[in-house]
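A.B. asks: Any chance you could fold what I've pasted below:
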Amino acid sequence: MQRLTEVAPGVLVATAEYATTSTTVITTADGGCLVIDPAVTVADLSALAAELAGRGLRPRAGFATHPHWDHVLWSGELGVVPRYAAPAAVAVTAAMREEMIAAAGQAAPGHDLALFADLVALPGGATHIPWDGPSAQVIVHDGHAPGHAAVFLPDSGVLVAGDMLSDIEIPLLDTAARDPLGDYRAGLRRLVEVPGVRWLVPGHGHVTGAAGFRRRAGADTGYLDRLAAGQQFTDPRAAAGWQRDWHDQQLRKVARSS
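C.D. replies: Alright, predicted model coming up:
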């Protein structure tokens, strides 16, 4: 894992080698912090905990942007704190726990399973993460997964987008949903409409500024438009490998639905 880098005042980001995965830390003036999507390996989490301690920071809360195994990890070294997620995401992790554990064990073995996906649902109707630090607005939708939630920090203009708006991944739809394309369009629209975004942190990929945010939104919108047309096409982010396979699966799903 790369060391934490301050991308905006009070907002630190580290990038794991596995899938270029982002961990975001929001700090308080008195040494507390909120940890979003700590990832990915046991060694990564241990290094994160050590760096936080070295900076005099202690987690007060955690947040999982969505119910996929690489976003619901934790370590005892990070302390015992409430780890929030949207209610729909918590429900999915409960229903799919064994499958998620198996996936984590294959890709990043050794995690403490007592802490894996040990999430608390945000209070009903909550629009912000309940913690005593900077305002952290949650934007919940079903675009990438049920209960997917971006986090917007209005004080710094940082949008932590979860697994959307990536420079290295195509839009990855929830193909098990009834209307995966419509869900993703709705989720992307909600993120694009957030006012005052100055920095974008994707779940996988690289941090970018406001202009990059607009470019990625345009690229993703174009991808969805071409997907809706149901015709074969290429995207530089899915040139080969598993993303190409997922792209083909999405094409088949949209064609069947139309």
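
A.B. asks: For the rest of this, base every contact and every neighbour count on C-alpha atoms.
C.D. replies: Fine.

A.B. asks: ranges for the strands of the stretch 51-200 of the chain?
C.D. replies: 58-63, 83-85, 120-121, 137-141, 148-153, 158-160, 199-201 (DSSP state E, counting those that start in this stretch).

A.B. asks: how about the residue most central in space within the chain, what does it touch?
C.D. replies: Nearest to the mean C-alpha position of the chain, counting by Cα atoms, centre = their mean, stands Gly162 at 2.2 Å. Residues in contact with Gly162 (Cα atoms under 8 Å, 6 or more residues apart in numbering) are Thr65, His66, His148, Ala149, Ala150, Val201, Pro202, Gly203, His204.

A.B. asks: I figured the fifth one hits Val158, correct?
C.D. replies: No. Applying Cα atoms under 8 Å, one finds Ala150 not in contact with Val158, separated by 10.5 Å.

A.B. asks: Mutual contacts of those two, please.
C.D. replies: Going by Cα under 8 Å, 6+ apart, no residue sits against Ala150 while also sitting against Val158.

A.B. asks: that older thread, now the residue nearest to the centre of the chain: how far from Leu200?
C.D. replies: Gly162 sits 10 Å away from Leu200, taking Cα to Cα, to the nearest Å as the criterion.

A.B. asks: likewise Arg226?
C.D. replies: 24 Å.

A.B. asks: out of the two, which sits in the more crowded spot?
C.D. replies: Leu200 (25 against 15; other Cα atoms under 10 Å).

A.B. asks: Distance of that one relative to Ala107?
C.D. replies: 26 Å.

A.B. asks: Please list all residues in contact with Arg3.
C.D. replies: Ala14, Thr15, Leu48, Glu51.

A.B. asks: try Leu173
C.D. replies: So Leu173 contacts Gly143, His144, Ala145, Pro180, Leu181, Tyr184, Gln250 (Cα under 8 Å, 6+ apart).

A.B. asks: Kindly recompute the last result at 10 Å.
C.D. replies: By Cα atoms under 10 Å, 6 or more residues apart in numbering, the contact set of Leu173 is 142-145, 164, 179-185, 224, 246-247, 249-250, 253.

A.B. asks: Which members of those are classed as buried?
C.D. replies: Buried residues within those, counting neighbours by 16 or more other Cα atoms under 10 Å: 142-145, 164, 179-185, 224, 246-247, 250, 253.

A.B. asks: Now do the helices in this protein.
C.D. replies: 42-54, 87-95, 97-107, 180-192, 210-229, 241-257 (DSSP state H).

A.B. asks: Output those as TSV; include the columns distance to Gly32 and mean pLDDT.
C.D. replies: Converted to TSV, those look like this (distance: least, Cα to Cα, whole Å; pLDDT from 0 to 100):
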stretch	distance to Gly32	mean pLDDT
helix 42-54	10	98
helix 87-95	25	98
helix 97-107	28	98
helix 180-192	27	97
helix 210-229	28	97
helix 241-257	38	89
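
A.B. asks: Compare those helices and give me the one nearest Ala19.
C.D. replies: Ala19 sits nearest to helix 97-107 of all the helices of the chain, at 10.6 Å, using Cα to Cα.

A.B. asks: Now the closest one: buried residues?
C.D. replies: Arg97, Met100, Ile101, Ala104.

A.B. asks: OK, contacts around the residue nearest to the first one when sequence neighbours are not counted?
C.D. replies: Looking back up the chat, that one is Arg97. Among residues not flanking Arg97 along the chain, Ala117 sits closest, at 7.7 Å (Cα to Cα, 6 or more residues apart in numbering). Contact partners of Ala117, counting by Cα under 10 Å, 6+ apart, are 64, 67-74, 83-85, 90, 93-94, 97, 100-101.
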